[in-house]
Each structure stands twice: as C-alpha cells, then as structure tokens.
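kindly generate the corresponding structure for this input.
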Amino acid sequence: MRVIGQKVLRPREQVEERIRTTILSGELKSGDMLPPEAELARQFNVSRTTLREALRSLTTQGLIYKIPGSRGGNFVQSVDHHSLGSVVIDSVHNLLKLGSIDFAEVAEVRQYLEVPSVRLAAVNRSEEDLERLRDIVRRQKAASVDSPEVPKLDEQFHSLIAQASGNRVLASFVAALHHETEPVHYLDLSSEVGRTTVRQHTAIVESIAAKDPDAAEAAIVEHLTYLRRHLAVHVSD
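Numbering: from 1, shown residues only. All right, here's what the predicted structure looks like:
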C-alpha cells in the first residue's frame, strides 16, 4: 500500500521545526539574532504563548539562547564542538542535581573515554601540545596541595590530552565530564597524594612525548585506578 500521509505537527512543533531547520541549514548563523517575538508570532500566525513554548524548547536543545533586557533577544547558539561540550556539561549537571544519574556513573564513563584519548594523543600530539602539558606539570609541582589552582590545573591537564588526540568530539566529552566530576575535589589531598599524582602525570606526558600509545595507556590506567581508590573512600564518606 502506498504511504502518502505524514505526521501532522501541532503549531508549536511547526514553529520549532522551522526555526531549527533555518539554524541547521546555515540560513541563521551562530550569533544571529532572531526577529522580535511579536514579529515571529506574526510571521508564524501563532500566539505569543505558542511561540515562547517553541523558543523554550529550542533553548533546551542548545540551539538558541536568550539575553534579557531592552537590547536583548533570542540569539543563535554556536553549533560546533565547543558548544557540544557546553551542552554536555549542562545536561550532565542537571541530571546529577536531579538525582537521575550519580557521580560514579559519570566518573566511570569519563575514565573509559580517557584511555582512547591518551592513545590518540600519543600518536597525534604536536610539539605545542607537549609543551603545554609539560608546563601544567611544572605548575603542579610548584603548587601546594591546598592551592586553589590545583583543581583547575588537573582539569586542564586531562582536557589538553583529549585535545591532543585530534578528535574534537572525544575532546568535548572528556572535558565536559571532567568538568562535572572534578575528581580532585573528591580526593583527600595529602602531600603524598599530591606527589603521587604529579609523578603519574609526568609518566603520562613522557609516554605521549615518546609517541608510545601502549605506555601512555598503561600510565593513565595506573593513574585513574589510583584516583578511583581514593575517590571511593572520600565520596562514600
């Protein structure tokens, strides 16, 4: 039997689908401001309530964002690998707050992704990547365990490895998940733990420098296993 029918969308869904199509097709570009809500409602011949429901849905999807005020409006969100990371951060953060997922699940996924990440980094890293990683390790060595800079340096270290992998999607996910789990905040940061972490980071960097993916994987697995042991004790408290 020939199929000629298709799902009939409600007005709100039609508005949402049309605006989404103009964004994803490039007709509306990153940073472009949508017409005022009153004008959009007129163009679509829908109520302001219907229009606002569509705009809220598009905001949730990360396609637009709203700036309040007389000079504000609805703007097209940047749709690239950077915005992917932002969407992941927001989504995971909300799910953690709601209790729909727990910390251990997010940390586990991040750790699984860091293994292929470091292997790719050992193959694809540039000299600039290597120097940036070594600079972070130098700063970690110089920092005291109670320095407020420590969590940020740790996040930068793991995110830079992911960036050095050359896979922007992988890098976005690793950075986003690391940002939400922030393992250093859940560690008992004694001087011994700090020294061990720096030694492990050094071993990871040197394996990447040698372009040895097997050694890099072994080094990061050792590091993540060490963190997991300490995290489990601290989080359970």
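
for this structure, which helix is longest?
If you go by DSSP state H, the chain has its longest helix at helix 213-236.

now that helix, how far from the centre of its chain.
21 Å (Cα atoms, centre = their mean, to the nearest Å).

what of stretch 101-112?
Put simply, stretch 101-112 sits 13 Å off its chain's centre (Cα atoms, centre = their mean).

can I get that stretch in CSV, CA atoms only?
What follows is stretch 101-112, C-alpha atoms only, in CSV (Å, rounded to 0.1, in the frame of the first residue of the first chain):
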residue,chain,number,x,y,z
ILE,A,101,22.3,9.7,37.5
ASP,A,102,25.0,9.5,40.1
PHE,A,103,28.6,10.7,40.3
ALA,A,104,30.1,7.2,40.0
GLU,A,105,28.4,6.6,36.6
VAL,A,106,29.7,9.9,35.2
ALA,A,107,33.2,9.3,36.5
GLU,A,108,33.3,5.8,35.1
VAL,A,109,32.4,7.0,31.6
ARG,A,110,35.0,9.7,31.8
GLN,A,111,37.6,7.2,32.7
TYR,A,112,36.7,4.9,29.9
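
quick check: which element contains residue 100?
According to DSSP states H and E, residue 100 maps onto no helix or strand at all.

that one: neighbouring residues, count only.
9 (other Cβ atoms under 10 Å). Placement of C-beta: from N, CA and C, glycine included.

and the longest helix of the chain, what's buried?
213, 215, 216, 217, 219, 220, 223, 224, 227, 230, 231 (16 or more other Cβ atoms under 10 Å).

point to the residue nearest the middle of this structure.
Centroid check for the chain by Cα atoms, centre = their mean gives residue 176 as the closest residue, at 2.3 Å.

excluding chain neighbours, what is closest to that one?
Excluding its sequence neighbours, the residue lying closest to residue 176 (Cβ to Cβ, 6 or more residues apart in numbering) is residue 88, at 3.8 Å.

ditto for residue 106
Counting by Cβ to Cβ, 6+ apart, the nearest residue to residue 106 once its immediate chain neighbours are dropped is residue 181, at 5.3 Å.

next, the contact list for that neighbour, please.
103, 106, 107, 110 (Cβ atoms under 8 Å, 6 or more residues apart in numbering).

just the strands in this protein please.
64-67, 73-76 (DSSP state E).

dump the last one to CSV, restricted to CA.
This file holds the C-alpha atoms of strand 73-76, laid out as CSV (Å, rounded to 0.1, in the frame of the first residue of the first chain):
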residue,chain,number,x,y,z
GLY,A,73,16.6,39.0,22.4
ASN,A,74,16.9,35.4,21.2
PHE,A,75,20.2,34.5,19.6
VAL,A,76,21.5,31.5,17.6
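
chain center to it: distance?
In this view, strand 73-76 has its centroid 22 Å away from the chain centroid, taken as Cα atoms, centre = their mean.

cool, and stretch 28-45?
Distance, centroid of stretch 28-45 to centroid of chain: 29 Å (Cα atoms, centre = their mean).
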